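Participant: I would like to see how this sequence folds:
(one chain, ligands or ions: 1)
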Amino acid sequence: MARKYFIETFGCQMNVHDSERMSGLLEADGYTRTDDETAADLVVINTCSVRERAEEKLYTRLGEIRERTAGGPAPLVAVTGCVAQQEGEALLARPGVDVVAGTQSLKRLPALAEAARLSRTKTIDVNPHDDVSFPLGVVRHSDPVRAWVTIIEGCNEFCAFCVVPYTRGHERMRPAADIVAEVREAVRAGRVEVQLLGQIVNHYQAPDDSSCDFAELLARVSAVPGLARIRFASPHPRHVTPALMRAIRDLPNVCRHLHLPVQSGSNRVLQAMRRRHTRETYFDLADRLRDTVPDITLSTDMIVGFPGETDEDFEDTLDLVRRVRFHSMFSFKYSERPNTLASKRLPDSVPEGEKTRRIVALQALQRDIQAELFAGEVGRTHDVLIDGVSRRRAWEVTGRTSGNLIVNLPGPAEWIGHLVPVRITEAAPNSLRGDAIGPALAPAGGEG
Ligand code: SF4
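Facilitator: Predicted structure coming up:
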């Protein structure tokens, strides 16, 4: 009988995609997936250390798994991802953990699990591995419409608040030929949107072709027949080139949306964060982007209460938000992450109550701006890529505009994966409503 695996994922899109990769590798090794952890021979917990108390949450979850599987044959338990990378041997020493695979060792998961199973001893690999190749056609896509494709692993930037360079290692680029092949494979498997993933996607430089930077990579991916949309996350403001702006303007299937993390509106705080951009360069960039691609939408990430952030610094953040007018924003209260530069050098000085006051004010401002921008969409038409049935109403479908705005509209589930021209009729706080004004079109193609 085939062995079964259960996989649980915490954290960002990168982690979700790593789980798709590990699932594919395990299935290639003969496992089948189960959604019932008590029926699994192998339980994989793919962890994230970006949020607070990640280790505590992991240990609680491990305890639950032990309780739920008590009485039957104990499954092997593998911990992967950022907490595995950071905790290493200490994690392996915990009861109920059999395998620890770091962020650069996920390809070794089946072998580590097999070694642990055969020898009934614990196995671990948290070593750095420079090899970023991945077998073609193995990823188990978890979304019916879009596929994620990693283009860069790791990061060299060392922003003071961020743990990623420590958990995911130094920046390693995948060959352009491998990326394009994986995109073709995803289209062959029925996906019509790809999202290129990396910590700083626009720092991309192909290791196999010196003429291929990120803008050129977009052109090569754009030429894959049958691909309706290309998105990418996340670019760094420092590396947005005129060529990238022209690529967004000129390549028909590259989405007209840029998620451009700014993190703060204060130059003093940006410097303390080691972001290496200023509010002025950010304003200039937003202006140039909007000059080149007038209908582009911008979104961002913001941190409030970074060590040393004063009222005046925070006012600069509000001012930046008022001036740039983002279509959406992810905002967070600063909290210390182990091993980061900020945790070693900068005391977490802003009181919790003040952080809360600031994030409430920031989010209220963003809500007002978003409401105005969304109200301005009423009466406009957009091509919406339908990606699911609406959660609230079974007769409605939901999708996104090129600018990444969510639109709900009456329509059948058969439209999933199709582009539908939609006139916007109504704006809600976080989404739009509309009506189809033309036929739903399947993206042209398949492999030519
Ligand atoms: S650019 Fe900064 S915030 Fe982004 S992953 Fe790298 S270190 Fe972290």
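
Participant: Okay, buried residues for stretch 17-31 please.
Facilitator: For stretch 17-31, the neighbour count (16 or more other CB atoms under 10 Å) marks 17, 18, 19, 20, 21, 22, 23, 24, 25, 26, 27, 31 as buried. Just so you know, the C-beta spots here come from the backbone N, C-alpha and C atoms, and that holds for glycine as well.

Participant: now swap in stretch 130-148 and tell me
Facilitator: Quick answer for stretch 130-148 (16+ other CB under 10 Å): 132, 134, 138, 139, 140, 141, 145, 146, 147, 148.

Participant: so which pair among these is furthest apart in space?
Facilitator: 132 and 145 (25.6 Å; CB to CB).

Participant: just curious, which of the buried residues of stretch 130-148 is nearest to residue 155?
Facilitator: Residue 155 lies nearest to residue 132 out of those, by CB to CB, at 13.4 Å.

Participant: Contacts only, for the closest one.
Facilitator: Contacts for residue 132 were tallied using CB atoms under 8 Å, 6 or more residues apart in numbering; they are 150, 153, 172, 173, 174.

Participant: Just those: which are in strands?
Facilitator: By the criterion of DSSP state E, membership of the contacts of residue 132 in strands covers 150, 153, 172, 173.

Participant: how many neighbours does residue 169 have?
Facilitator: As a burial measure, residue 169 scores 19 neighbours (other CB atoms under 10 Å).

Participant: next one: residue 420
Facilitator: Residue 420: 23 neighbours (other CB under 10 Å).

Participant: check which helix or strand covers it.
Facilitator: Using DSSP states H and E, residue 420 sits within strand 419-427.

Participant: Name every strand pairing with the helix or strand following that strand and say which way it goes.
Facilitator: Once strand 419-427 ends, the next helix or strand along the chain (criterion: DSSP H and E) is strand 432-436. With DSSP bridges as the test, strand 432-436 is paired with strand 406-410 (parallel), strand 419-427 (antiparallel).

Participant: Format the ones you listed as TSV; extra columns: mean pLDDT and distance to residue 308.
Facilitator: Output for those, formatted as TSV (pLDDT from 0 to 100; distance: least, CB to CB, whole Å):
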stretch	mean pLDDT	distance to residue 308
strand 406-410	97	36
strand 419-427	98	38
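
Participant: Dump the ones you listed into CSV; add distance to residue 351 as well.
Facilitator: As requested, the strands paired with strand 432-436 are exported to CSV (distance: least, CB to CB, whole Å):
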stretch, distance to residue 351
strand 406-410, 36
strand 419-427, 37
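
Participant: just the buried residues of stretch 17-31 now: which is nearest residue 202?
Facilitator: Out of those, the member with the shortest distance to residue 202 (by CB to CB) is residue 17, at 18.4 Å.

Participant: wait, which of the strands paired with strand 432-436 is closest to the ligand?
Facilitator: The closest of these to the ligand is strand 406-410. By CB to the nearest ligand atom, the value is 24.9 Å.

Participant: Low-confidence stretches in this protein?
Facilitator: 51-52, 444-448 (pLDDT under 70).

Participant: Kindly report the residues of it close to the ligand.
Facilitator: Proximity of the chain to the ligand, by CB under 6 Å from any ligand atom, involves residues 155, 157, 158, 159, 162, 164, 165, 199, 200, 236.

Participant: Narrow those to just the buried residues.
Facilitator: Neighbour-count burial (16+ other CB under 10 Å) applied to those gives 155, 157, 159, 162, 164, 165, 199, 200, 236.

Participant: Give me the subset of those that lies in helices.
Facilitator: Among these, the ones falling in helices (DSSP state H) are 164, 165.

Participant: what's the farthest-apart pair in the buried ones among the residues of the chain next to the ligand?
Facilitator: Farthest pair in those (CB to CB) is 165 and 236. Separation: 13.1 Å.

Participant: who's residue 423 bridged to?
Facilitator: Residues in beta-bridge contact with residue 423 (DSSP bridges): residue 381, residue 435.

Participant: Does it touch residue 380 like I think?
Facilitator: Yes. Counting by CB atoms under 8 Å, residue 380 is a contact partner of residue 423 at 7.5 Å.

Participant: Could I get the full set of strands for the stretch 51-200 of the chain?
Facilitator: 76-81, 99-101, 123-125, 146-150, 152-153, 172-173, 193-197 (DSSP state E, counting those that start in this stretch).

Participant: Longest helix in this protein, please.
Facilitator: In the chain, ranked by residue count with DSSP H as the criterion, the top helix is helix 352-375.

Participant: Report how many residues lie close to the one residue in the stretch 301-448 of the chain that gets nearest to the ligand.
Facilitator: Shortest the stretch 301-448 of the chain-to-the ligand distance, computed as CB to the nearest ligand atom: residue-wise this is residue 301, at 8.2 Å. When neighbours are defined as other CB under 10 Å, residue 301 has 14 of them.
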